[in-house]
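In: Structure of the sequence below:
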Amino acid sequence: MERKRRFQTRQQYAEQKSKQTKFQKADKRLNYLIAVVAVLIVATLIFIITQEPSPKNEAERQDSPAEVATDVPEDDAGQETEDNETETNVPEEAEEEENSSDETEQPTSESGNMVSPSDDPAVKEVITNPNWPAYPTAQTGEHVSTYEKGHIDYEEKLKAIFSVIDLQQENSIVLRVNNNGSAENAIAVVTSMDKEQKYRVSIEWVDNEGWKPIQVEVLSTLEGSQ
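Out: Have a look, this model is predicted:
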């Protein structure tokens, strides 16, 4: 009985060991299959990723035909550049001419003064402004033009003259004030105390208003201007 029992025990142990071996082999096969499938999946993903074009590459492919289309021979490019320069130079020259004419025709300040060149070598520039007001007169009755210092008409002449130049009457020199062709027109030459600023001013009489500035000449020299 004891032998039979030992034999059965050995047989059962052998059967259990055989089953364990089979299970282990099955587990190994399953693990192997899983590993193979995983490798295949990874390889497939890598293949798909490497074959799929990136947005950047697609953009470069789309841009490249445009680059080819815009390529021109160097000679043609040089000619086009020269043509463009010529075309741009023409408007610039026209604009310069317009600007130069504007400088002599358009007001140069908010006051409306018009500045223009002069043919007189003693004159730097000529300033006019139709909006210059007449100096309000205090005279009544028939107007009589006079050049006597201290007379109201003479003093009003000076007020009108200094109203349009950058000098103060008390800090300047009046070189002359005299008739300018008629009793209703006068002309004066005045300078700063150091004679750095020199002006020749023309005025005219407006009835019931007073002496009105007509023109200011900025002088470069006093020679021939008096």
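
In: When you work out contacts or count neighbours from here on, use the C-alpha atoms and nothing else.
Out: Will do.

In: Would you map out the domains in this structure?
Out: Domain assignment for the chain, taken from automatic domain parsing, gives 2-66, 72-105, 114-219.

In: Select from those the stretch with the lowest mean pLDDT.
Out: Of all the domains of the chain, domain 72-105 carries the lowest average pLDDT, namely a mean of 53.

In: okay, stretch 30-43 in CSV with CA atoms only?
Out: Output of stretch 30-43 as CSV, limited to C-alpha atoms (Å, rounded to 0.1, in the frame of the first residue of the first chain):
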residue,chain,number,x,y,z
LEU,A,30,2.0,34.4,-26.0
ASN,A,31,4.7,36.8,-24.9
TYR,A,32,6.6,36.2,-28.1
LEU,A,33,3.5,36.9,-30.2
ILE,A,34,2.7,40.0,-28.3
ALA,A,35,6.3,41.2,-28.8
VAL,A,36,6.1,40.5,-32.5
VAL,A,37,2.8,42.3,-32.9
ALA,A,38,4.2,45.3,-30.9
VAL,A,39,7.2,45.5,-33.2
LEU,A,40,5.0,45.4,-36.3
ILE,A,41,2.8,48.1,-34.9
VAL,A,42,5.8,50.4,-34.1
ALA,A,43,7.3,49.7,-37.5
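
In: Can you show me the CA trace of stretch 117-136 as CSV?
Out: Extracted C-alpha coordinates of stretch 117-136, given in CSV (Å, rounded to 0.1, in the frame of the first residue of the first chain):
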residue,chain,number,x,y,z
PRO,A,117,13.4,135.6,-54.8
SER,A,118,14.5,138.9,-56.3
ASP,A,119,16.5,139.9,-59.3
ASP,A,120,18.1,142.7,-57.3
PRO,A,121,21.5,141.6,-56.1
ALA,A,122,21.1,143.7,-53.0
VAL,A,123,17.9,141.8,-52.0
LYS,A,124,17.8,138.4,-50.4
GLU,A,125,14.1,137.8,-50.7
VAL,A,126,10.8,139.6,-51.1
ILE,A,127,7.9,139.2,-48.6
THR,A,128,4.3,140.1,-49.4
ASN,A,129,1.0,139.4,-47.8
PRO,A,130,-2.3,140.8,-49.1
ASN,A,131,-3.8,140.3,-45.6
TRP,A,132,-1.5,142.8,-43.9
PRO,A,133,-3.8,145.3,-42.3
ALA,A,134,-3.4,149.1,-42.5
TYR,A,135,-2.2,150.8,-39.4
PRO,A,136,-5.3,152.5,-38.0
